[in-house]
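# Everything below, folded, please.
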Amino acid sequence: MKVIIVGGVAGGAGTATRLRRVDESAEIIIFEKGDYLSYANCGLPYYVGNTIADRNNLFVVPNQLFKSRFNIDVRKKQEVVRIDLKNKLVTVKKINNGETYQECFDKLVLSPGANPVPYPAKENDYKRVFTLRTVRDADRMKTFLQKYKVKHAVIVGGGFIGLEIAENLHQQGVNITLLELANQVMAPLDFSMASFVHQHLKSKGIELMLAKGVANFEEHNNGITVELTRGEKIETDMVVWSVGVRPDTKLAKEAGIELGTLGGIKVNDYMQTSHPDVYALGDAIEVLQPVINMPALIPLAGPANKQARIVADNVAFGNENIYKGSYGVAIAKVFDMTVASVGANAKMLIKAGIKYQSSYTQSFSHATYYPGAKPLVIKIIFDKESGKLYGAQVVGYEGVDKRIDMLAGIIEKGGTVTDLCELEQAYAPPYSSAKDPVNMAGFVADNILSGKVKVVHWRDVSNQDAFILDVRNKQEFLKEHIEGAVNIPIDKLRNRLKELPKNKKIFIICAIGLRGYIACRLLSQSGFQDVANVSGGYNVYKTAMASV
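This is a model prediction of the structure:
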């Protein structure tokens with residue numbers, strides 16, 4: 001059997017090596033139009049920022065090992081430019097000299113990846129505008145930084161790469177202006193959770209400009225002018241264009257392979273395209289998002305590597321293994337903060353027409369009596385009736401990775417908030433609390449589902465005619481509070497119930513929601529009919545409002 005693989009990195013290289021491990025007799029050829037077959041593109045921002053000092057550490061498997069260890073024919077700087085499905089041929093162009101030739105195949109695997117969304121006037125060869133997708137991109141950026149005394153950079157795009165490169169440039173003494181077309185950074189997060197990231201970025205001296213689009217660039221001898229869509233102009237030394245990627249489907253489309261509704265290559269559960277002898281994987285394909293049961297584009301390395309194993313096995317043995325879809329588990333380091341998400345956010349559920357409930361909890365990374373405990377915020381989204389968990393987002397400074405993986409495990413198994421309550425985790429004071437933050441998220445959600453407490457969210461506080469009761473202590477209240485709120489500390493509330501209206505909605509707020517819950521239970525059992533706790537408390541409210 002002769003297998004041709006188009007594209008390397010996680011998808012193509014992973015498929016090739018797995019295929020060799022399960023089939024020693026297969027003839028395997030990889031065509032890679034770039035210089036490098038297998039490299040850690042997720043590490044590129046850290047290489048630019050010198051966190052990864054040795055460039056060689058970016059290369060997962062050296063090119064020569066593909067031949068010596070796996071007997072795989074690697075053809076670098078050779079681009080597959082045409083697929084003839086009828087005759088099962090590919091036309092290949094050598095990048096260096098433009099020569100073309102053909103190769104036949106029994107099975108074809110497409111792993112072309114994705115391309116950066118083009119910037120304005122892409123036809124211009126800007127010397128001061130950079131993307132960061134390949135090792136060559138990183139080399140170009142690093143050379144520029146070494147050659148010129150860069151004092152200021154504009155990062156266009158507040159996604160994972162944009163924030164990571166902002167941090168790495170900032171650590172080299174570069175002042176940063178971060179532009180984002182949306183009203184928030186980190187699209188997988190809901191606005192309220194992204195607001196914590198906004199405030200952290202500002203605390204690090206990042207100039208954050210939200211809801212700002214780029215119209216054009218004008219390069220000159222000493223810098224570049226970024227012209228915004230509303231006429232504003234920013235003078236800077238360099239621009240990093242990081243507004244996202246689009247699936248590279250040109251080759252597949254021209255061959256007549258079916259594309260999906262989102263523009264990616266359409267595959268079935270076996271990772272098979274509309275042609276039975278052609279498989280596809282990685283950033284170029286659409287996958288199932290199981291929570292909303294809809295196709296999604298999820299350009300992440302983790303799913304690509306898992307898909308590679310399935311594709312290789314199905315090519316070798318026939319369609320035996322299925323890919324169940326991707327929940328989009330994602331995590332990023334943003335300066336001192338860690339940001340993570342899994343499953344569906346509120347925006348996705350609204351678009352899919354799925355009703356949901358959500359709640360916020362704020363805990364610490366480990367037992368507070370053990371030194372060094374750091375705060376973290378968890379938002380979970382779940383079904384109003386069954387409690388099935390739809391999605392989760394975690395923002396904090398320590399232990400975020402552990403919690404998002406715990407939450408992902410429950411979501412992937414179709415679990416509920418009850419499962420979060422019952423989830424058993426390793427506990428010792430330096431690592432967690434007896435009631436882990438994930439357990440606490442489950443307890444709070446369970447109280448909502450069982451009717452023990454009603455909640456409102458930060459947006460609702462100012463939009464409804466309600467009596468706002470602040471149950472924090474006097475010092476907390478005097479420091480900052482919602483205008484018009486009445487302060488009765490929780491420990492004095494039982495003796496001051498006569499001061500509260502029984503014919504009006506009462507929204508109760510504290511710092512993070514715990515004292516508010518206790519107050520809600522007290523009032524609801526004392527004859528007050530319409531009482532709700534502000535989910536996440538004043539901390540979520542003020543952070544989200546500061547970003548509006």
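
# isn't there a strand covering Tyr517?
No - assessed with DSSP: H, G, I helix; E, B strand; the rest coil, Tyr517 is helix; it does not lie in a strand.

# residues in contact with Pro45?
Listed by C-beta atoms under 8 Å, 6 or more residues apart in numbering, the contact set of Pro45 reads Leu132, Ile161, Glu164, Ile165, Glu167, Asn168. (Glycine included, C-beta is placed from N, CA and C.)

# The same query, at a cut-off of 6 Å, please.
For Pro45, the contacting residues are Glu164, Ile165, Asn168, by C-beta atoms under 6 Å, 6 or more residues apart in numbering.

# now the last one, nearest residue through space, not along the chain?
Among residues not flanking Asn168 along the chain, Gly49 sits closest, at 2.5 Å (C-beta to C-beta, 6 or more residues apart in numbering).

# Equivalent analysis for the second one, please.
Distances taken as C-beta to C-beta, 6+ apart put Pro45 closest to Ile165, at 4.6 Å, once the chain neighbours are dropped.

# next SSE after the helix or strand hosting that neighbour?
Using DSSP states H and E, Pro45 maps to helix 44-48. Per DSSP H and E, helix 44-48 leads on to helix 63-68 as the next helix or strand towards the C-terminus.

# contact partners of that next one?
The contact list for helix 63-68 (C-beta under 6 Å, 6+ apart) reads Leu37, Ile72, Val74.

# thinking the last one is in contact with Ile29, fair?
No - with contacts defined as C-beta atoms under 6 Å, Val74 does not count as touching Ile29, sitting 8.0 Å away.

# Which strands or helices does the longest helix seen in the chain pack on?
Across the chain, the longest stretch assigned as helix under DSSP state H is helix 301-317. Packed against helix 301-317, as judged by 3 or more C-beta pairs under 6 Å, 6 or more residues apart in numbering; DSSP states H and E, are the following elements: helix 9-22.

# Could you list the buried residues of the very next helix or strand once past the helix it packs on?
As assigned by DSSP H and E, the chain's next helix or strand after helix 9-22 is strand 27-32. For strand 27-32, burial by neighbour count (16 or more other C-beta atoms under 10 Å) applies to Ile28, Ile29, Ile30, Phe31, Glu32.

# Also stretch 341-357?
Going by 16+ other C-beta under 10 Å, stretch 341-357 has these buried residues: Ser341, Val342, Gly343, Ala344, Asn345, Ala346, Met348, Leu349, Ile354, Tyr356, Gln357.

# and the end-to-end length of that stretch?
17 Å (C-alpha to C-alpha, to the nearest Å).

# His366 contacts Asp436, doesn't it?
No - judged on C-beta under 6 Å, His366 makes no contact with Asp436 at a distance of 9.4 Å.

# Where does pLDDT dip in the stretch 401-548 of the chain?
548 (pLDDT under 70).

# need the contact list for Leu19.
Ile28, Ala312.

# repeat that for 10 Å
1, 3, 5, 26, 28, 70, 72, 107, 109, 308-309, 311-313, 315-316 (C-beta atoms under 10 Å, 6 or more residues apart in numbering).

# Same question for Phe70.
Taking C-beta under 10 Å, 6+ apart as the test, what Phe70 contacts is Ala13, Ala16, Thr17, Arg18, Leu19, Arg20, Arg21, Glu24, Ile28, Val61.

# again, only this time at 7 Å
Applying C-beta atoms under 7 Å, 6 or more residues apart in numbering to Phe70 gives the contacts Thr17, Arg20.

# returning to what we had before: just the mean pLDDT for the helix holding Pro45, thanks.
Mean pLDDT, helix 44-48: 95.

# Tell me if I'm right that the residue nearest to Asn168 and His170 touch.
No - with contacts counted by C-beta atoms under 7 Å, Gly49 stays clear of His170, the gap being 8.7 Å.

# what touches both of these two?
In contact with both Gly49 and His170: no residue, using C-beta under 7 Å, 6+ apart.

# what about Ala352, distance to Gly391?
According to C-beta to C-beta, to the nearest Å, Ala352 stands 12 Å off from Gly391.

# Buried ones among the contacts of Leu19?
Buried among the contacts of Leu19 by 16+ other C-beta under 10 Å: 3, 5, 26, 28, 70, 72, 107, 109, 308-309, 311-313, 315-316.

# Can you tell me which of those comes closest to Gln78?
Nearest to Gln78, judged by C-beta to C-beta, of the buried ones among the contacts of Leu19 is Ile5 at 12.1 Å.

# hmm, back to that, now, which of the buried residues of stretch 341-357 lie within strands?
With strands taken from DSSP state E, the overlap with these comprises Ser341, Val342, Gly343, Gln357.

# In CSV, list the residues you listed along with distance to Arg459 and pLDDT.
What follows is those, written out as CSV (distance: C-beta to C-beta, whole Å; pLDDT from 0 to 100):
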residue, distance to Arg459, pLDDT
Ser341, 20, 98
Val342, 23, 98
Gly343, 21, 97
Gln357, 15, 97
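
# Closest to Asp54 out of the residues you listed?
Using C-beta to C-beta, these come closest to Asp54 at Ser341, 31.2 Å.

# which residues does the closest one contact?
So Ser341 contacts Pro188, Leu189, Ala330, Gln393 (C-beta under 7 Å, 6+ apart).

# pretty sure Lys142 is in a helix, no?
Yes - using three-state DSSP, the assignment for Lys142 is a helix.

# That one contacts Tyr46, correct?
No - the pair Lys142 and Tyr46 does not pass the contact test of C-beta under 7 Å, sitting 11.5 Å apart.

# Settle it for me: which of the two has more neighbours?
Higher neighbour count among Lys142 and Tyr46: Tyr46, with 20 against 16, using other C-beta atoms under 10 Å.

# how about the nearest residue to the more buried one, chain neighbours excluded?
Leaving out its chain neighbours, the residue that sits closest to Tyr46 by C-beta to C-beta, 6+ apart is Ile52, at 4.6 Å.

# got the phi/psi numbers for that neighbour?
phi -100, psi 100 (degrees, to the nearest 10).

# next one: Ser195
Backbone torsions of Ser195, given as degrees, to the nearest 10, read phi -60, psi -30.

# So what's the residue count around it?
So Ser195, with other C-beta under 10 Å, has 23 neighbours.

# Let me see the contact set for it.
Going by C-beta under 7 Å, 6+ apart, the list of residues near Ser195 reads Thr543, Ala544, Ala546, Ser547.
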